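**Q** Attaching a predicted model along with its sequence, questions to come.
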Amino acid sequence: MQRTATILKTADANGVTPPQPLKARWAQVSARLRAELGDDLFNSWFARMEAEELTADNLTVSVPTRFLKSWIENHYATKLRKIAEAEFGVLQVINLRVRLQGEQALATAQTLSDGNRAQTTSHNPQTVSQIQSLLLPDRSSASDEGQTFDTFVVGASNQLAHAAVMRVAGMAAGQPLTFNPLYIHSAAGLGKTHLLHGLAAYIRVQHPMRKVLLLTAERFMYGFIHAIRARDTLAFKDQFQNVDVLLIDDFQFLQGKAMQQEFCHAFNSLVDAKRQVVIAADVPPAQLDTIDQRMRSRLLGGLVIDIEMPDAIQRRKIVGLRHMMMMQADSAAGLPAEVLDLVAERISGGGRELEGALNKLVAYQQFNRSPITLDLAGMVLRDASGAADTSRIKIEDILKIVSRHYNVGRTDLLSARRAREVVMPRQIGMYLAKKLTARSLPEIGRRFGGRDHSTVLHAVRKIDQQMKTDEKLARELALLIRLVEQQ
């Protein structure tokens, strides 16, 4: 080690110390980057960056993927320049390029210490294959073959979400995006997953040159955990570099700081590169308590759409379509039209609940080898109503949801304050308590700060009347009811 140091310091015949080779000087830059950013960030973004050429005041460095190039340019350009100039002096340009496949790595082995070889200069083919299989479960999933746009019933509750998804479906590669990201939320069983699968199927058929990736938050986490265990997280990152449309389902299940940071990296890289991202979840972005505030802000910056419960007309269309599909698979699954009407009337939930009721009736008919009559159908479905269990819902839950949704403190809701920003949420809370619980008006009044039952009655009547002319309020109440029922 001493001999090497001596060689580096030996002066030439004129007494001038020659500069170190570019490779050694870049190792100093890498060391500075690691010291300032920490091992995790350095290994994620800079471990495979290599210095290739230094001419005058121009430095050329390379990375192995377009994903890394885009991310570094968008998020670390200033930091890279500052640290590089501390070693090389003032630089006019730092050229960042993507290495061609097969080019030999020049400096990675030197920039990684023996204890931090989480990233390697080449991926293990088995690791890449396993990660791909974790991220692409939908390609071979027979259960999702029926989830296309043709089998999606459009109605008042979902027409905006359907229109937005169709706009995404019709976009050709390179066209400017109308909105990005697109965020769709609703209660379970109202069609979010159906829309995502329909979108993926449509793009693969109509725009085969566009790469679409559909996965759940759970699959995303599985893939990332596997990459960590295989000590090759860059293999995981590389799966997103060429994606044109990223579809994420069940986003509310994304848990853990590391997982969220990794998703944030992929999300920001795609959005910044003008690639489309569509996310589906059970709650709106503001209700994602486990997600970082900056991530919530970016989600709110796109188009956020709510799918509501279907009305009676839409439910009847859903029942008719599902029944027709069942008949195509099994001609013995036929049910009378009046029974289908009863299902649409009795079941107030979404497509999943309606299909479950149909399956129950068909099974009863086949197991008992007798046709289903209207009276018999009523008996079979007596416990299948989609109405909320009023004995389960608590006023405390309503106070919590209303307080969080309108950003009003619980103490303000229960206080004597008469400011509009407090009165309206308070009246909405009373309305929900009357509609969703079995509590009496006097008891609701007591729970809302000791108010008289006439105050509660006034609030209920006022909200009821206002809903008839205020569409925004009606939508807000539908959302609040769903959030309370999910508690």
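**A** In hand now; what should we look at?

**Q** pretty sure Ile428 contacts Ala474?
**A** No - taking contacts as C-beta atoms under 8 Å, Ile428 lies outside contact range of Ala474: 11.6 Å. In this view, the C-beta of every residue, glycine as well, is placed from N, C-alpha and C.

**Q** Between the two, which has more neighbouring residues?
**A** A direct count of neighbours by other C-beta atoms under 10 Å for Ile428 and Ala474 places Ile428 higher, at 23 against 15.

**Q** pLDDT wise, what is the more buried one at?
**A** Predicted confidence (pLDDT) for Ile428: 93.

**Q** swap in Ala164?
**A** 92.

**Q** could you pull out the strands for the stretch 301-450 of the chain?
**A** 303-306 (DSSP state E, counting those that start in this stretch).

**Q** Show me the helices in it, by range?
**A** 312-329, 337-346, 351-368, 374-380, 395-406, 410-414, 420-436, 441-447 (DSSP state H, counting those that start in this stretch).

**Q** Minimum distance to Thr65: which of those helices has it?
**A** Closest to Thr65 of the helices of the stretch 301-450 of the chain, according to C-beta to C-beta: helix 351-368, at 39.9 Å.

**Q** what's the average pLDDT for the closest one?
**A** 84.

**Q** again with stretch 279-295
**A** Computed over stretch 279-295, the average pLDDT equals 83.

**Q** can you tell me the helix or strand for Ser454?
**A** Applying DSSP states H and E as the criterion places Ser454 in helix 453-467.

**Q** Now do that helix against helix 420-436, angle only.
**A** For helix 453-467 against helix 420-436, the angle by axes from the mean of the first three to the mean of the last three C-alpha atoms, to 10 degrees is 90 degrees.

**Q** which other helices and strands contact helix 453-467?
**A** For helix 453-467, the packing partners by 3 or more C-beta pairs under 8 Å, 6 or more residues apart in numbering; DSSP states H and E come out as helix 420-436, helix 441-447, helix 471-485.

**Q** Identify all contacting residues around the shortest one.
**A** When contacts are taken as C-beta atoms under 8 Å, 6 or more residues apart in numbering, the neighbours of helix 441-447 outside the stretch itself are Ile395, Met430, Ala433, Lys434, Thr437, Arg439, Arg451, Asp452, His453, Thr455, Val456, Leu457.

**Q** Drop anything exposed from those residues.
**A** Ile395, Met430, Ala433, Lys434, Thr437, Arg439, Arg451, Thr455, Val456 (16 or more other C-beta atoms under 10 Å).

**Q** What pLDDT does the model give Thr127?
**A** So Thr127 comes in at 44 (pLDDT).

**Q** Break the protein down into its domains, please.
**A** Structural domains assigned to the chain are 2-111, 137-306, 312-380, 395-485, following automatic domain parsing.

**Q** Return the member of these having the minimum mean pLDDT.
**A** domain 2-111 (a mean of 70).

**Q** Which of the helices of the stretch 301-450 of the chain sits closest to Ala47?
**A** helix 395-406 (41.5 Å).

**Q** Show me what that closest one packs onto, helices and strands only.
**A** Checked by 3+ C-beta pairs under 8 Å, 6+ apart, helix 395-406 has helix 410-414, helix 420-436, helix 471-485 packed alongside it.
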